[in-house]
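**Student:** No letters, just coordinates:
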């Protein structure tokens, strides 16, 4: 079953230095690129909606990426998130990302999941898995030790 991530945009932006600096437009774009490039939401089948308080800047083009972007014109982002969770046929597919305690409590009472911003950012998988050492056969190990012995004048 695919999940629907509902992200309190500014809450997430202001929770970590990786999105800081520049205009609000550039901070929003950094967050949206992060969501697409790093995929903290996991499967591409999972839906992403990012809700920002206020209205969209008139100087920035609309976002054309994977995440759906909503501006909460005339209301706060929390109200939009609540309406979105309420509108889902099954609220248990919702994962709300916020550090706002009041919305976290409401989301839990609606039987949806909550992730703090820190928990959400921790979902980013490392780009490469650490390499595991491979065992050397005894002959190769002996040859390497012999070569190092010559280099370090151990014999």
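**Tutor:** In hand now; what should we look at? Small disclaimer: the values here were computed from a predicted structure and weren't measured.

**Student:** okay, now residue 111: neighbour count?
**Tutor:** The burial count assigned to residue 111 is 11, neighbours taken as other C-beta atoms under 10 Å. (C-beta placed from N, C-alpha, C; glycine too.)

**Student:** Let the chain start at 513 from now.
**Tutor:** Okay, using 513 as the starting number, the last item reads as residue 623.

**Student:** Are we agreed that it is in a strand?
**Tutor:** No: Residue 623 is assigned coil when assessed by DSSP: H, G, I helix; E, B strand; the rest coil, not a strand.

**Student:** residues touching it, list them.
**Tutor:** 603-604 (C-beta atoms under 8 Å, 6 or more residues apart in numbering).

**Student:** likewise residue 553?
**Tutor:** So residue 553 contacts 515, 517, 547, 560, 607, 635 (C-beta under 8 Å, 6+ apart).

**Student:** Tell me the secondary structure at the fifth one.
**Tutor:** Secondary structure state of residue 607, per three-state DSSP, is strand.

**Student:** Count the neighbours of it for me.
**Tutor:** 21.

**Student:** Check the first one too.
**Tutor:** Here the number of neighbours of residue 515 (other C-beta under 10 Å) works out to 18.

**Student:** right, and it touches residue 560 too?
**Tutor:** No: between residue 515 and residue 560 there is no contact under C-beta atoms under 8 Å: 9.4 Å.

**Student:** Grab the nearest non-local neighbour of the residue nearest to the spatial centre of the chain.
**Tutor:** For the chain, residue 552 is the residue whose C-alpha lies nearest the centre (C-alpha atoms, centre = their mean; 3.5 Å). In space, and not counting its chain neighbours, residue 552 is closest to residue 635: 4.1 Å by C-beta to C-beta, 6 or more residues apart in numbering.

**Student:** Okay, the one you found and residue 554: tell me how far apart.
**Tutor:** Distance from residue 635 to residue 554, counting by C-beta to C-beta, to the nearest Å: 7 Å.
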